[in-house]
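Undergrad: Sharing a model prediction with you, sequence too.
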Amino acid sequence: MSSENALLEEYAQREYEHGFITDIEADSIPAGLSEDVVRLISQKKNEPEWLLEWRLKAYRHWLTLEEPNWHNVKFPPIDYQASVYYSAPKQKPKLNSLDEVDPVLLETYEKLGIPLEEQKVLANVAVDAVFDSVSIVTTFRETLEKHGVIFCPFSEAVQRFPELVQKYLGSVVPYSDNFYASLNSAVFSDGSFCYIPKGVRCPMELSTYFRINAQNTGQFERTLIIAEEGSYVSYLEGCTAPKRDENQLHAAVVELVAMDDAQIKYSTVQNWYPGDAEGKGGIYNFVTKRGACRGENSKISWTQVETGSAITWKYPSVILQGDNSVGEFYSVAVTANHQQADTGTKMIHIGKNTKSTIISKGISAGVGQNSYRGEVKIMKGATNARNFSQCDSLLIGDRCGAHTFPYIEVRNTTGKVEHEASTSKVGEDQIYYLRQRGLPTEDAVNMIVNGFCKEVYDVLPMEFAVEARKLLNVSLEGSVG
Amino acid sequence: MLEIKNLHARSEDTEILKGINLSVAAGEVHAIMGPNGSGKSTLAHVLAGREDYEITEGEVTYDGKDLLDMEIEERAAEGVFLAYQYPVEISGVSNKYFLKAAINSIRKHNEQPLISRGDFVAMLKEKLALLGMDKSMMDRSVNEGFSGGEKKRNEILQMAMLEPKLAILDETDSGLDIDALKIVSEGVNALRSPERAIVVVTHYQRLLDYIVPDKVHVLAGGKIVRSGDKSLALELEDKGYSFLNEGTEAVAAS
């Protein structure tokens, strides 16, 4: 093995930085899943009857389903009875201010680079911090409420805005949608709820920071974002978890609804614990994310940088119902060591003149396996629909794999679908060239990888682009403008 | 500055360099000429540190140090620059960012402060003008979609920005039309200085009309078979490389 290859391997095995455990007393329920557990979760959250009924319907439906097996990932069978479905750090039931949050929790977020004290945080980002099954704190709520923007933990929205929750919950991802979405619908704990009223441009970025801490515990959050006519919101999501030897399940559901002329930009930097170099431990990230462009001229953009998790299984999709609506999907997915990813998107064109763009960048290193799976569907009524897809794969070393599974269905003859795909290797000639210009191998690889991802970084909000680059261990910060 | 003694190098099972002896002093421009397959490019890449070659014998001293013992990036940081015959494309990385990263890597190695934004911009502006390059090239990805001439010019720009002590130009004239050749040559000539050595590797004499060498060496069969002043290049132009065959045998027999 040449020294370049050795360094590539080293790069591929970079250490996970957020693997620490917060020592805090938790209110957890025993492991296992049953109707009683569903009832218990609902009771702990003091939920209205209709929501409990909805959960139970989902649970009963889930019992009839089998785990999907069409994906290109391998893992031993999951024992759903071995997982804990609710765990919350013990603290006062109702928090009036940040002063009442357990300092251990504040410290945890500080350590993760997410300070929650408003004077310390980035001035233009409101944060909802979700720790295991509950939301700890949401910053800048007053500022947002002045603009009529609701940004609060999901469980709080259930209490304060039950009509909105009831109207939209499950309207994009029904409880019967798929195995993991059904499971989530039955046991979901917390997440974020955002409502942007008509004509309001949300004055700051909204963000949720998810942290799994407790052992043997699954996180099943639920996020719902509603953008009324003519509104705009940019939402960011970040995730980390401690290093643990066993696999932990994260099965989230995210639903977005955009009305006429509304725009939702949803960005994710997913850095769940990926497992160790031998493939032990790590998060199973089985997530259903979908947006509905209900209104005319509405737009939903998904941008994701997926660097973590042992297994990633997610397909952020857009249903383009409204005429002239636009769906976008920009993705960087990294699989190093033994990580596996099967990710992509679905763009369902229903309205006239609907447009979608898919840019997917898969990076594989170590023995990582990276699959892009995407579906573009142009329905009968979708006159003049357009799609452009570009799927690029980059291989680092020669033991990893990249796969592409595009599905295209066009039922309207005026539809136009373009698909481009490429696979390349981080070339030894590229590394040699950069080293000859003075860059050490690691910097050279970082430069090549980040260059490969540039189209996606360009659409990330600035703070996130920085975070994403850091995640790939690069110092492109302060790059020449 | 550069002292090569009895250098032998092989790639897999083929011996390519079979005992090169060459001495280049600071301030000098040497041309290395020779037919295809003579080992010219191999010599250039061996000096830069490409790992595809195995050094089986000999030594190379650069600035008093053992060059062969240094990593590729270390050589670069110590002032060795290779202008590639086939410059490599790096997608998504702007030329400007790449240049600044390279300068700063070298500075970091030499424990110098990083270049300021202002200094960098001023320097870049000056060097772009020197090579008749448009500044829009700086926002394009490194060599991506560049024409052959643009790539070569970009190599010389990098050389101008990195200010090496030893610059090796590998077939910089190939693929250039006469106008581009003149501009690139002017760029190289502007970099001639008493502290800098330049080694020009070329198949054709025409480049040497513009970059006039102090010494010319002819490489054939992995050895330097003749050395002389610039008139040797003209002689080659006149007679072609075939006349060397006798010469090679003569050297081999001696």
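TA: Now that the structure is in, tell me what you want to look at.
Undergrad: Helices of the stretch 1-150 of chain B, start to end?
TA: B:40-48, B:72-77, B:95-109, B:117-130, B:148-162 (DSSP state H, counting those that start in this stretch).
Undergrad: how about the ones you listed, which one is nearest A:Gly218?
TA: For A:Gly218, the closest of the helices of the stretch 1-150 of chain B is helix B:95-109, at 42.0 Å, according to Cβ to Cβ. Yep, even glycine has a C-beta here, placed from its N, CA and C like the rest.
Undergrad: so what does the closest one touch, helix or strand wise?
TA: helix A:441-457, helix B:72-77, helix B:117-130, strand B:141-142, helix B:148-162 (3 or more Cβ pairs under 8 Å, 6 or more residues apart in numbering or on different chains; DSSP states H and E).
Undergrad: any bit of the longest one sitting next to chain B?
TA: Yes - counting by Cβ under 8 Å from any Cβ of the partner chain, contacts between helix A:441-457 and chain B involve A:Thr441, A:Asp443, A:Met447, A:Ile448, A:Asn450, A:Gly451, A:Phe452, A:Cys453, A:Lys454, A:Glu455.
Undergrad: so that helix versus helix B:95-109, what angle?
TA: If you take axes from the mean of the first three to the mean of the last three Cα atoms, to 10 degrees, helix A:441-457 sits at 150 degrees to helix B:95-109.
Undergrad: So which residue is dead centre in the chain?
TA: No chain was given, so I picked chain A. A:Thr268 (4.8 Å; Cα atoms, centre = their mean).
Undergrad: Oops, wrong one, chain B.
TA: Of the residues in chain B (compared using Cα atoms, centre = their mean), B:Ile168 is nearest the centre, at 1.8 Å.
Undergrad: Look up the residues forming beta bridges with it.
TA: Under DSSP bridges, the beta-bridge partners of B:Ile168 are B:Leu82, B:Val199.
Undergrad: Look up which residues are beta-bridged to the closest residue to A:Ala385 other than its chain neighbours.
TA: Excluding the flanking residues, the one nearest A:Ala385 by Cβ to Cβ, 6 or more residues apart in numbering or on different chains is A:His349, at 3.9 Å. Beta-bridge pairing for A:His349 (DSSP bridges): A:Leu320, A:Ile378.
Undergrad: Was I right to think A:His349 contacts A:Ala382?
TA: Yes - counting by Cβ atoms under 8 Å, A:His349 sits close enough to A:Ala382 to count as a contact (4.0 Å).
Undergrad: Can you lay out the helices and strands packed on helix B:95-109 as CSV showing mean pLDDT?
TA: Below are the helices and strands packed on helix B:95-109 laid out as CSV (pLDDT from 0 to 100):
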stretch, mean pLDDT
helix A:441-457, 86
helix B:72-77, 96
helix B:117-130, 94
strand B:141-142, 95
helix B:148-162, 94
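Undergrad: In JSON lines, list those along with distance to A:Lys314 and mean neighbour count.
TA: Below are those laid out as JSON lines (distance: least, Cβ to Cβ, whole Å; neighbours: other Cβ atoms under 10 Å in any protein chain shown):
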{"stretch": "helix A:441-457", "distance to A:Lys314": "15", "mean neighbour count": "22"}
{"stretch": "helix B:72-77", "distance to A:Lys314": "39", "mean neighbour count": "23"}
{"stretch": "helix B:117-130", "distance to A:Lys314": "40", "mean neighbour count": "14"}
{"stretch": "strand B:141-142", "distance to A:Lys314": "30", "mean neighbour count": "22"}
{"stretch": "helix B:148-162", "distance to A:Lys314": "41", "mean neighbour count": "21"}
